[in-house]
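**Q** Sequence first, then the predicted structure:
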Amino acid sequence: MNQCMQKFFLAGNPQQGFQGAEQQGREKYYQAHQKGEKQNAGNVFYGIEEEFLVQIFGIDRETARKLRGEDDKRGHIVRVEQGFQVISPPSRREQERREYGPDNGLEETFCSTKLIENINDPSRADIFNPQAGRFNTLTSYDLPILKFLKMSAERGVLYRNALVSPHYKLNAHSILYCTRGEAKIQISDQSGSCVFDEVVREGQMVVVPQNFVIVKQAGEEGFEWVAFRTNDVAMQGTLAGRTSAIRGLPADVISASYRVSREQAMRLKTNREGTLMFESRSGLQRVTAA
């Protein structure tokens with residue numbers, strides 16, 4: 001699969017307009033996971049099971065069903081039944097771009113470039129949640145040699161029963177390898193088809209294509225993994241939490257998109273203050289680790 005621009009939808013059911021070439025581009029990946037594939041409803045949340053959404057967003061099951069768009073036949077352009085207001089920041093003068101001169105050939109020579117980096121150092125974690133786990137990334141900014149290799153890496157440690165927010169890589173494919181424990185992993189494509197839904201254990205590997213949404217929940221012994229990306233500065237987007245796409249949308253837009261009350265929309269936006277890793281909030285056999 002080429003690393004090209006692809007669309008995915010957070011709400012609605014836009015399937016009528018996206019057939020043919022885009023579908024053919026996913027056939028090989030689907031064939032390898034036909035057992036786990038579920039019927040396509042149109043938005044990326046449909047490919048994530050209801051229980052995951054309840055825990056990730058801290059919402060009730062009714063709201064989770066609406067988030068998945070199970071009965072939504074409106075397409076990707078929806079009519080707003082009641083007016084809403086969008087708060088926008090005041091305009092300001094555009095800042096001057098910082099200009100960089102050409103490389104002088106001295107800073108990043110093969111002789112002086114650092115070739116070793118400890119991605120497993122807990123003190124250098126990019127994301128840390130004492131109830132959920134930690135997450136380290138390694139890009140060409142940290143290790144310049146990766147610029148020549150066109151690769152980057154990540155290291156994750158997830159505590160018992162903790163979750164990783166639904167997320168996707170905007171500009172890279174990923175190869176995930178489990179180094180310890182186990183986790184239930186679901187992968188959904190940009191149109192909402194669940195193409196992978198299995199428990200991944202130590203020694204197993206999963207390929208996650210660009211723009212496919214992945215969500216993980218650790219088992220009783222936790223889950224640790226390392227992943228390699230096909231871009232030296234891989235960019236990541238999340239669908240839940242403080243820095244997510246949902247958090248950035250006005251509550252009235254969420255309410256109209258998912259046909260939920262404004263109160264439910266605010267819960268979707270604000271129930272999770274973390275950025276990527278969340279502790280479990282469900283009852284039976286969901287124990288978080290300190």
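**A** Right, received. Where do you want to start?
**Q** how about the helices in this protein?
**A** With DSSP state H as the definition, the chain shows helices at residue ranges 21-24, 27-31, 50-57, 61-68, 146-149, 245-248, 251-258, 262-270.
**Q** wait, which of those is closest to residue 214?
**A** Across the helices of the chain, residue 214 has its closest neighbour in helix 50-57 (11.2 Å, C-beta to C-beta). C-beta coordinates here come from the backbone N, C-alpha and C atoms, glycine included.
**Q** Low-confidence ranges, the stretch 51-200 of the chain, go.
**A** 75-76, 82-113 (pLDDT under 70).
**Q** go again using 90 as the cut-off
**A** Confidence mapping of the stretch 51-200 of the chain against pLDDT under 90 gives the ranges 51-118, 120-125, 130-131, 165, 189-193.
**Q** Which residue ranges of it form strands?
**A** Assigned strands in the stretch 51-200 of the chain, in chain order: 127-129, 133-138, 152-158, 163-169, 174-188, 194-201 (criterion: DSSP state E, counting those that start in this stretch).
**Q** nearest to residue 62, of the ones you listed?
**A** Of all the strands of the stretch 51-200 of the chain, strand 163-169 comes closest under C-beta to C-beta, at 19.4 Å.
**Q** and that closest one, which strands flank it?
**A** The sheet places strand 163-169 alongside strand 213-229 (antiparallel), strand 236-238 (antiparallel), strand 277-278 (antiparallel), with pairing taken from DSSP bridges.
**Q** Just say which of the ones you listed is most tucked in.
**A** When neighbours are counted by mean count of other C-beta atoms under 10 Å, the highest per-stretch mean among the strands paired with strand 163-169 falls to strand 277-278, a mean of 26.
**Q** What lies in contact with it?
**A** By C-beta atoms under 8 Å, 6 or more residues apart in numbering, the list of residues contacting strand 277-278 from outside reads 55-56, 127, 129, 132-135, 158, 162-165, 240-241, 272.
**Q** Can you say which two of those are spatially most distant?
**A** With distances taken as C-beta to C-beta, the most widely separated pair in the contacts of strand 277-278 is 55 and 134, at 19.4 Å.
**Q** mind checking how far the spatially most central residue of the chain is from residue 150?
**A** Within the chain, one residue has its C-alpha closest to the average C-alpha position: by C-alpha atoms, centre = their mean, that is residue 167, at 0.1 Å. Look at residue 167 and residue 150: by C-beta to C-beta, to the nearest Å, they are 21 Å apart.
**Q** returning to that earlier point: can you lay out the strands of the stretch 51-200 of the chain as a markdown table showing distance to residue 144?
**A** Converted to a markdown table, the strands of the stretch 51-200 of the chain look like this (distance: least, C-beta to C-beta, whole Å):
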| stretch | distance to residue 144 |
| --- | --- |
| strand 127-129 | 23 |
| strand 133-138 | 11 |
| strand 152-158 | 12 |
| strand 163-169 | 21 |
| strand 174-188 | 21 |
| strand 194-201 | 32 |
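**Q** so of the ones you listed, which one's packed in deepest?
**A** For these, the highest mean count by mean count of other C-beta under 10 Å goes to strand 163-169, at a mean of 25.
**Q** okay, the angle between that one and strand 152-158?
**A** Comparing the axes of strand 163-169 and strand 152-158 via axes from the mean of the first three to the mean of the last three C-alpha atoms, to 10 degrees yields an angle of 160 degrees.
**Q** Not counting stretch 167-180 itself, show me its contacts.
**A** 1, 3, 8, 152, 200-215, 221-231, 233-239, 276.
**Q** What about residue 249? Give its phi and psi, please.
**A** Here the main-chain torsion angles of residue 249 (degrees, to the nearest 10) amount to phi -90, psi 140.
**Q** Could I get the contacting residues of it?
**A** 257, 269.
**Q** end-to-end on stretch 117-134?
**A** Distance across stretch 117-134, first residue to last, is 17 Å (C-alpha to C-alpha, to the nearest Å).
**Q** for it, which positions count as buried?
**A** Under the neighbour-count criterion of 16 or more other C-beta atoms under 10 Å, stretch 117-134 has 125, 127, 129, 132, 133, 134 buried.
**Q** these two touch, right, residue 117 and residue 138?
**A** Yes - contact criterion C-beta atoms under 8 Å: residue 117 and residue 138 qualify, at 5.8 Å.
**Q** burial count for residue 81?
**A** When counting by other C-beta atoms under 10 Å, one arrives at 9 neighbours for residue 81.
**Q** State the distance from it to residue 253.
**A** In this structure, residue 81 and residue 253 are separated by 13 Å, where distance is defined by C-beta to C-beta.
**Q** Return the residues in contact with the closest residue to residue 278 other than its chain neighbours.
**A** Closest residue in space to residue 278, ignoring its immediate chain neighbours: residue 163 at 4.9 Å, by C-beta to C-beta, 6 or more residues apart in numbering. Contact partners of residue 163, counting by C-beta under 8 Å, 6+ apart, are 52, 55, 56, 132, 215, 216, 217, 218, 277, 278, 279, 280.
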